[in-house]
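>>> Below is the sequence, then the predicted model.
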Amino acid sequence: MPFVCREASLQGARGQNEDALRHFSLGQDRVAVLCDGLGGYPDGGWAARTFADAVEQAVTRFIPADDTPPEQALHDWLQRAWQQFCSEQQNQQRDPQAQTTFVVAWASDTFTLIAHVGDSRAYVLDEHRIHWHSRDHNLYELGVLNGDIDPQVTPRAQGQQALLYRTVGSQKALKPALQMLPVLQPGQCVVLCSDGAWQPLQDQDWLTLAQSDDVGRDLHALLQRAVTLAGSKADNASAVVVRLE
């Protein structure tokens with residue numbers, strides 16, 4: 001499949017960039033990974049880099065049996081990556097509170113599979129509309145799911161509502177959300193992005209990447225816009241795009 005992958009990451013107003021991005025081949029398929037180390041906790045950048053590397057190692061080194069369902073294969077890879085993360089955290093004597101969010105996309109000629117934890121997002125879109133996007137693991141989305149928050153009245157998380165209830169860390173089990181989606185059609189994209197990228201923007205802003213003749217250039221411009229809009233509060237802004245040509 002003729003997948004095009006591009007990535008970009010800006011530091012924003014933070015003292016360092018604690019996002020980590022990877023994309024690589026799996027036979028004819030493409031896999032993209034984005035991790036966003038949790039600010040406010042020590043070793044966030046280390047957590048993001050370590051888990052991103054661990055996911056790439058698990059996917060490329062442990063080939064599942066031919067009859068393994070893709071969801072099971074990805075689940076197993078993520079659990080291997082988490083075990084590697086916990087082992088390296090202990091061996092390197094990193095802070096036990098180090099945590100990261102993540103989102104992974106596996107694009108194949110028969111399916112598109114997304115996994116995520118936290119508020120790093122995935123969008124599946126074309127130039128006309130967003131077909132699907134992941135739901136953040138925060139108290140706002142939990143309130144919407146339970147019927148306690150009306151998204152028409154409160155369209156975005158505010159204050160304590162943005163607190164995460166799922167992350168990658170050594171002190172609690174990894175519980176990723178997996179979503180099987182149809183195969184990408186020509187011109188469709190999967191966009192993975194950190195919260196520093198999606199929060200200042202409107203969801204519809206990402207549609208420009210599906211019609212771009214230079215995805216890398218336009219992705220960088222979109223992230224620069226996010227940083228500019230956020231001003232002095234700009235977080236690290238990162239994204240990976242997988243587009244079927």
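Received, thanks. Residues are numbered from 1 along each chain as shown.

>>> pLDDT score for the closest residue in space to Phe3 that isn't next to it in sequence?
Excluding the flanking residues, the one nearest Phe3 by C-beta to C-beta, 6 or more residues apart in numbering is Arg30, at 4.4 Å. Where C-beta positions appear, they are placed from N, C-alpha and C, glycine not excepted. Arg30 carries a pLDDT value of 97.

>>> One more: Met1?
Note for Met1: predicted pLDDT of 60.

>>> cool, and Val104?
pLDDT, read off for Val104, is 98.

>>> Kindly list the main-chain dihedrals of it?
With angles defined as degrees, to the nearest 10, Val104 sits at phi -130, psi 140.

>>> Now do the SS call for the spatially most central residue of the chain.
In the chain, the residue lying closest to the centroid (C-alpha atoms, centre = their mean) is Val103, at 2.8 Å. Going by DSSP: H, G, I helix; E, B strand; the rest coil, the secondary structure assigned to Val103 is strand.

>>> swap in Val55?
Secondary structure of Val55, per three-state DSSP, is helix.

>>> and it, how far is that from Val191?
Distance, Val55 to Val191, by C-beta to C-beta, to the nearest Å: 18 Å.

>>> In this structure, where is pLDDT below threshold?
For the chain, the stretches with pLDDT under 70 are 1.

>>> For it, which segments are assigned as strands?
For the chain, applying DSSP state E gives strands covering 3-10, 19-26, 29-37, 100-107, 112-117, 121-125, 130-133, 177-181, 189-193, 237-244.

>>> what packs against the lengthiest helix in the chain?
If you go by DSSP state H, the chain has its longest helix at helix 70-91. When contacts are defined as 3 or more C-beta pairs under 8 Å, 6 or more residues apart in numbering; DSSP states H and E, helix 70-91 sits against helix 44-61, strand 100-107, strand 112-117, strand 177-181.

>>> So which residues make contact with the last one?
Okay, so that is strand 177-181. 70-71, 74-75, 111-117, 124, 131-132, 134-135, 137 (C-beta atoms under 8 Å, 6 or more residues apart in numbering).

>>> partner strands of it, parallel or antiparallel?
Sheet pairing of strand 177-181 (DSSP bridges) gives strand 112-117 (antiparallel).

>>> Now for the closest residue to Asp136 other than its chain neighbours, how many residues are close by?
With sequence-adjacent residues excluded and distances taken as C-beta to C-beta, 6+ apart, Asp136 is closest to Asp119, at 4.1 Å. A count of nearby residues for Asp119, using other C-beta atoms under 10 Å, gives 26.

>>> follow-up on the earlier one: the residue nearest to Phe3 reaches Ala107, doesn't it?
Yes: if you go by C-beta atoms under 8 Å, Arg30 and Ala107 touch, sitting 4.8 Å apart.

>>> ok, those two, which is more surrounded?
Per other C-beta under 10 Å, whichever of Arg30 and Ala107 has more neighbours is Ala107, with 28 against 22.

>>> how close does the more buried one sit to Asp205?
22 Å.

>>> same check, this time on Lys172
34 Å.

>>> Compare those two (neighbour count), which wins?
Asp205 (14 against 11).

>>> wait, what's in contact with that one?
222, 225.

>>> switch the cut-off to 7 Å
Residues counted as contacts of Asp205 (C-beta atoms under 7 Å, 6 or more residues apart in numbering) are Leu222.

>>> again with Val117
101-102, 137, 166-168, 174, 176.

>>> That one pairs with what?
Phe102.

>>> and if you look at Glu7?
Bridge pairing for Glu7 - DSSP bridges - gives Val240.

>>> my read: it touches Phe24, true?
No: applying C-beta atoms under 7 Å, one finds Glu7 not in contact with Phe24, separated by 11.3 Å.

>>> higher neighbour count, these two?
Between Glu7 and Phe24, Glu7 has the larger neighbour count (other C-beta under 10 Å), namely 21 against 14.

>>> Good, wrapping up.
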